[in-house]
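> need a 3D model of the following:
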Amino acid sequence: MFSISMIDNQTIDKIGIQKSIFQCFNKCIAEIINKSKIIPNIILIDGNQTIPNSQYNQQSIIKGDDKIFSIALASVIAKHTRDT
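The predicted structure is shown next:
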C-alpha cells in the first residue's frame, strides 16, 4: 500500500522545504494507517533525517533507494508523480 501527498509552492515558500516534506510524510502515514488499520513497525526514510515528534519508530538510510527495495519503489512513484 502507498499514499501520495503533494504540497503547493506557496506553502513550501512559507514553511520551507524540510517542514513541507515532513508534513507530506505525516499525511501519507496517517492515510495508510486509516485505510489499512495497520500500525507500522518502522518507517524507513531515504536520507539522513527523521520525522520530528513522530510516534513511530523510524530509521533514516543514506542512499536508501540504492539499498532498500521499498524505498526505491517509493522513489520511482514520487518521481513519476512529480513528472506527470
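> in terms of secondary structure, what does the longest helix along the chain contact?
Identified as the longest helix of the chain according to DSSP state H is helix 17-36. Counting contacts by 3 or more Cβ pairs under 8 Å, 6 or more residues apart in numbering; DSSP states H and E, helix 17-36 packs against helix 9-15, strand 43-46. C-beta here means a position set from N, CA and C on the backbone, and glycine is covered the same way.
> most tightly packed of the ones you listed?
When you average the neighbours per residue for each of these (mean count of other Cβ atoms under 10 Å), strand 43-46 leads with a mean of 18.
> contacts for the helix or strand that comes right after that one?
Once the chain leaves strand 43-46, the next helix or strand it forms, by DSSP states H and E, is strand 58-61. Applying Cβ atoms under 8 Å, 6 or more residues apart in numbering, the contact partners of strand 58-61 are 42-51, 67-68, 71.
> ok, now stretch 74-84?
Defining contact as Cβ under 8 Å, 6+ apart, one finds that stretch 74-84 is touched by 2, 4, 6, 46, 65.
> many thanks, have a good one.
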